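3D model of this:
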Amino acid sequence: MSEFQHIGVIGAGAWGTALAQTAAKAGRDVTLWSFEQDVADAINTKRENTIYLPEVALSEAVEAVTSISDLDACDAVLAVAPAQHLRRVLETFLPYARDGVPVVLCAKGIEQSSLSLMTEVLSETVPRALPAVLSGPSFAIDTAQGLPTAVTLACADESVGNALIEALGTNRFRPYLATDLVGAEIGGAVKNVLAIACGICEGKQLGKSAHAALISRGFAEMTRLALALGAQRETLAGLCGLGDLVLTCSSPQSRNMSCGLALGRGVRLEDILASRKAVTEGVASAPAVVALAKRHGVEMPICQAVDDILAGRTSVDDAIEALLSRPFTLETA
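Here you go, the predicted model:
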């Protein structure tokens, strides 16, 4: 039996539900905490998350609950609450967290109010937890349906990381171990902002060449910030950096790219967000990414342009013109 047989999942959105399903397929007992009673009821009675992940039959090993205290007996916990809400949720979880329990952070973002990474939020709210990060190119529906998916699982303690991989991995869901948590986090947070830029590019019909250039130069921005925060370059070249960037920037299935696509076509941000149930993490992360970059003296012109557009400080057309008018420079700069 796995060292981590009983898996808790905090957050019953599409990704939390998909990860709960994956853990169940790996042979684990899963307790899935939902903030919404109707979501929990649908999972337990219909075996389906009818709101956030419809038409996916969920395993009987997934039990949905609405009291976070029900996670007190879990051997490991996946924290999948949106980045801007994670602190509040973890504070609620604190009284029920076992000493040394691994908490795998699955939200991709930077906290706006503090510019904290999710590992920093965890250390401040549940200091006795052992942190890990799960990130990589993974759409919830693909993972839930058992389509082949590979991700990064970053954990400073390699033995714990390997045990988590053993508990969660299957022949369809393949976590690769890393020890660089900062690199995994920055890759996941920045790619959402860059996906909005790529969506705008598509919406404005600027062509595939411009799209490829945005991905490449965006990857340079991501890497600069990660290195400034102490990450390893190799981490960003892997699944949680380049891999996730390519997926999120290349498919309208991504909430972030589809948001940019609509912006590029002239739809107002308020109308885009009002039409969605799920969180578009890049919108919340953009100002935090830009502020964090400025704090560390890192230039990120593409992310800055996205933030300016989202905040209404500039128009899409003016932001594009400003980027295209930048001085020529070395490609490595």
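
pLDDT score for S2?
The model reports S2 with a pLDDT of 74.

any idea of the pLDDT on the spatially closest residue to it that is not a sequence neighbour?
The shortest distance from S2 to any non-neighbouring residue, by CB to CB, 6 or more residues apart in numbering, is to A167 (4.5 Å). Every C-beta, even on glycine, is put in place using the N, C-alpha and C of the backbone. Note for A167: predicted pLDDT of 98.

My read is that A167 contacts A24, right?
No: applying CB atoms under 8 Å as the test, A167 and A24 come out as separate, 11.4 Å apart.

Pick out whichever of these two has more residues nearby.
A167 (23 against 19; other CB atoms under 10 Å).

In a helix, that one, correct?
Yes: under DSSP: H, G, I helix; E, B strand; the rest coil, A167 falls within a helix.

Is V133 in a helix, a strand, or coil?
Classified using three-state DSSP, V133 is strand.

what's the spacing between it and L78?
Distance, V133 to L78, by CB to CB, to the nearest Å: 11 Å.

Can you pull the residues that touch both of those two?
V104, C106 (CB atoms under 8 Å, 6 or more residues apart in numbering).

Between the two, which has more neighbouring residues?
V133 (30 against 27).

Could you give the bridge partners of the more buried one?
L105, A154 (DSSP bridges).

show me the contacts for it.
104-106, 118-119, 152-155, 181, 184-185, 188, 240.

Tell me the confidence at it?
Reported pLDDT for V133: 98.

Give me the below-cutoff pLDDT ranges for the stretch 201-333 of the chain.
333 (pLDDT under 70).

if you go through it in chain order, where are the helices?
Taking DSSP state H, counting those that start in this stretch as the test, the helices found in the stretch 201-333 of the chain are 208-228, 233-236, 244-248, 255-264, 269-274, 281-295, 301-310, 316-324.

and Q84, which of the ones you listed is closest to it?
Nearest to Q84, of all those, is helix 281-295, at 5.0 Å by CB to CB.

Packing partners of that closest one?
Judged by 3 or more CB pairs under 8 Å, 6 or more residues apart in numbering; DSSP states H and E, helix 281-295 is in contact with helix 181-203, helix 208-228, helix 255-264, helix 301-310.

still on that earlier bit, contacts only, for the residue nearest to S2.
Each residue near A167 by CB under 8 Å, 6+ apart is listed here: S2, E3, F4, Q5, I7, A23, A26, R28, D75, A76.

With I68 instead?
Per CB under 8 Å, 6+ apart, neighbours of I68: I10, W33, V89, T92, F93, Y96.

circling back to that earlier point, possible to save the contacts of A167 as JSON lines with distance to A288 and neighbour count?
Below are the contacts of A167 laid out as JSON lines (distance: CB to CB, whole Å; neighbours: other CB atoms under 10 Å):
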{"residue": "S2", "distance to A288": "36", "neighbour count": "17"}
{"residue": "E3", "distance to A288": "35", "neighbour count": "14"}
{"residue": "F4", "distance to A288": "31", "neighbour count": "22"}
{"residue": "Q5", "distance to A288": "36", "neighbour count": "13"}
{"residue": "I7", "distance to A288": "29", "neighbour count": "30"}
{"residue": "A23", "distance to A288": "29", "neighbour count": "29"}
{"residue": "A26", "distance to A288": "33", "neighbour count": "20"}
{"residue": "R28", "distance to A288": "33", "neighbour count": "23"}
{"residue": "D75", "distance to A288": "32", "neighbour count": "19"}
{"residue": "A76", "distance to A288": "27", "neighbour count": "27"}
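
Please consider this matter closed, and thank you.
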